[in-house]
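A.B. asks: Here is a sequence together with a model predicted from it:
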Amino acid sequence: MENLNKLRFELRQDVLDMIYRAKTGHIGGDFSVMDILVTLYYRQLNVAPDRTQDPDRDRFVLSKGHSVEALYAVLCSKGFFPKSDLLTYSQYMSKYIGHPNNKISGIEMNSGSLGHGLSVSVGMALAGRMDQRSYRVYVVMGDGELAEGSVWEGAMAAGHYKLDNLCAVVDRNRLQISGCTEDVMAHDSQDERWASFGWHVLHAEGNNLDSLNNAFETAKTLKGKPTVIIADTTKGYGVSFIENQAGWHHRVPTEEEYQKATEELKKRGEANE
Amino acid sequence: MNKIPNRQAICELLIERANTDKDIVVLCSDSRGSASMTPYVEAHPDQFVEVGIAEQSLVSVAAGLARCGKKAFAASPACFLSTRSMEQAKVDVAYSNTNVTLIGISGGVSYGALGMTHHSAQDIATMASIPNMRVYIPSDRHQTRCLVDALLQDEKPAYIRVGRNPVEDVYEEGQVPFVMDQATVLSEGEDIAIVACGEMVKPAQEAVAALKEKGISATLLDMYCVKPIDQDAVIRAAERAKAVITIEEHTYIGGLGSMVAQIVSANCPKKVVNLALPDAPVITGVSKQVFDYYGLNAEGIVKTAEKLLAE
Ligand SMILES: [Mg+2]
């Protein structure tokens, strides 16, 4: 776990570098979701750069596509593409744009418009069942995203078809671009909402790798229904002055902020959290 | 008169092909009856997915299935499929490049008196404007069959529109001169070039015969491949004619006529007249009444041709 703890802050540094260099990106959500991605890619997903088309691979969809910088950092660290590629993020003619694109190794589906990923994942899970393959399908949504009606069309279908090979994660950082989710559009009573659509509901500390991993392990044992993990995260997790600030949804750090954030991420990585 | 609507031709072909191709999956949004898909559901229950009245989910689920190797055919009324789920068509199908065929049933004004909610007189404009989305509007059941077979051979996104009602045959069974993405030349002439698609091909064929009686020779293109449109065929037909007429069951904005006018004006400038539906809710009536009211019939084409040639 020490190694992964160091890694999750190094990957946040990669995100910070990308965004600072390109002067664009969604740092708050990247830092919020990073530990979910690290847990998935380092402890759960059966995926590898040398078999991106393997029919038995697990499927992952980042429905909150604006957190793509975090996904790039994780995929790069897993060897899906060279680190030099990250330098091109959002640059002229680069394929590393500000939302996921399946021209990039390791990315299954294009996303960016919220509310698509869950239904797409339902299709992937149905295909797995039809072909009697044992892969699992994972999808990560933001909490603000849950206001999209199409999310609930997908939730309904997953419940109807009892897709226990599907695991959804809600990055529940309680913030969205305009402020607190509960002020913009209330999402509390998550448990009741998902349960009423026929889902198992689990909770995890969303910035704790062990807590997340335990939830994913439990989800695999739950049969007869899809599982949603409500991951209670801190938006901007890892840098004190970015944490829990709606303003850091997509703010770009100044040089001074960049230096401070870099120092903090280094310290957090070295601490045995 | 043929009693088989194009939607039923699609169902029959998919039933046959799904016998041997286990990757075919049909999806409906409480639309299996309207799509004539009930026999398919009975024949291949394991290769069918019902999503309920949820067109957005319909298209996304189809895309997810396709990403996992399935050949997904999502059938839903064209009015909903081409607008409610347009973004899913854009992002999950076209942009993500998934092997999904969207089947817009009861297209155009097929639903008649049900009103504008149920009309899809804008589906060419919406779907064709999406990069990597192809748009096909076949004219009869035999061509529909050829088209769906061709779509089964490739793995690219497509939208097909078919009408609700049986339409008279344009082609003879087993003798359809079908080449994928090439217009079918139904007649050749020197005076007028006519470009039609879907249910307008049959009246255009009748117009060609009527014009011939009057000593006017016309080229007629069945442009079932609205996108990618067969540009060479349009240019060849327009170059030899004095003027061009387009006819379609679609608003005049952003449809077949617009595309033909762009091609002709850029390559061989001639007068192009678009016979199409207005930028307004159409009058109440069954398809034929609506077509007749707006001049979308053989008579409308003949009158337009005579007027153009008299100028
Ligand atoms: Mg949020």
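C.D. replies: All right, it came through fine. Numbers count the residues shown, from 1 in each chain, chains lettered A, B, ... in the order given.

A.B. asks: could you give the mean pLDDT of stretch B:69-85?
C.D. replies: On average, the pLDDT along stretch B:69-85 is 98.

A.B. asks: what's the spacing between the residue of the stretch 101-250 of chain B found nearest chain A and the ion?
C.D. replies: Of all residues in the stretch 101-250 of chain B, B:Asn132 sits closest to chain A, at 10.8 Å by CB to the nearest CB. Backbone N, C-alpha and C define where each C-beta goes, glycine included. As judged by CB to the ion, to the nearest Å, B:Asn132 and the ion stand 31 Å apart.

A.B. asks: how about that residue, what does it touch?
C.D. replies: Residues near B:Asn132 by CB atoms under 8 Å, 6 or more residues apart in numbering or on different chains: B:94-95, B:97, B:156-157.

A.B. asks: now it, what's its secondary structure?
C.D. replies: coil (DSSP: H, G, I helix; E, B strand; the rest coil).

A.B. asks: any idea of the pLDDT on it?
C.D. replies: You'll see B:Asn132 listed with a pLDDT of 98.

A.B. asks: what's the distance between the residue in chain A positioned nearest to chain B and A:Arg59?
C.D. replies: Nearest residue of chain A to chain B (CB to the nearest CB) works out as A:Gly123 at 2.2 Å. Per CB to CB, to the nearest Å, A:Gly123 is found 10 Å from A:Arg59.

A.B. asks: now swap in A:Thr218 and tell me
C.D. replies: To A:Arg59, A:Thr218 is 20 Å away according to CB to CB.

A.B. asks: just for the chain, where's the confidence low?
C.D. replies: Chain wasn't specified; assuming chain A. A:1-2, A:273 (pLDDT under 70).

A.B. asks: now do 80
C.D. replies: A:1-2, A:272-273 (pLDDT under 80).

A.B. asks: which residues are there in it that come within reach of chain B?
C.D. replies: Within chain A, the residues that sit near chain B (CB under 8 Å from any CB of the partner chain) are A:55, A:59, A:102, A:108-113, A:115-116, A:118-128, A:130-131, A:149-150, A:153-154, A:156-157, A:160.

A.B. asks: what about residue 150, helix or strand, and which?
C.D. replies: I'll assume chain A. In this structure, A:Ser150 sits in helix A:149-160 according to DSSP states H and E.

A.B. asks: Oops, wrong one, chain B.
C.D. replies: B:Ala150 is part of helix B:141-153 when elements are defined by DSSP H and E.

A.B. asks: again with B:Arg17
C.D. replies: Using DSSP H and E, B:Arg17 maps to helix B:6-20.

A.B. asks: any idea which helix or strand comes after that helix?
C.D. replies: The element immediately downstream of helix B:6-20 (helix or strand, assigned by DSSP H and E) is strand B:24-28.

A.B. asks: returning to that earlier point: more crowded one of A:Thr218 and A:Arg59?
C.D. replies: With neighbours defined as other CB atoms under 10 Å in any protein chain shown, A:Thr218 and A:Arg59 compare such that A:Arg59 has more, 26 against 15.

A.B. asks: can you pull the contacts of that one?
C.D. replies: A:108, A:121, A:124, A:128, A:135-138, B:67-68.

A.B. asks: Sort out for me which of those are in strands.
C.D. replies: Among the contacts of A:Arg59, the members found in strands (DSSP state E) are A:137-138.

A.B. asks: For the contacts of A:Arg59, work out which two are farthest apart.
C.D. replies: A:Arg136 and B:Arg67 (14.8 Å; CB to CB).
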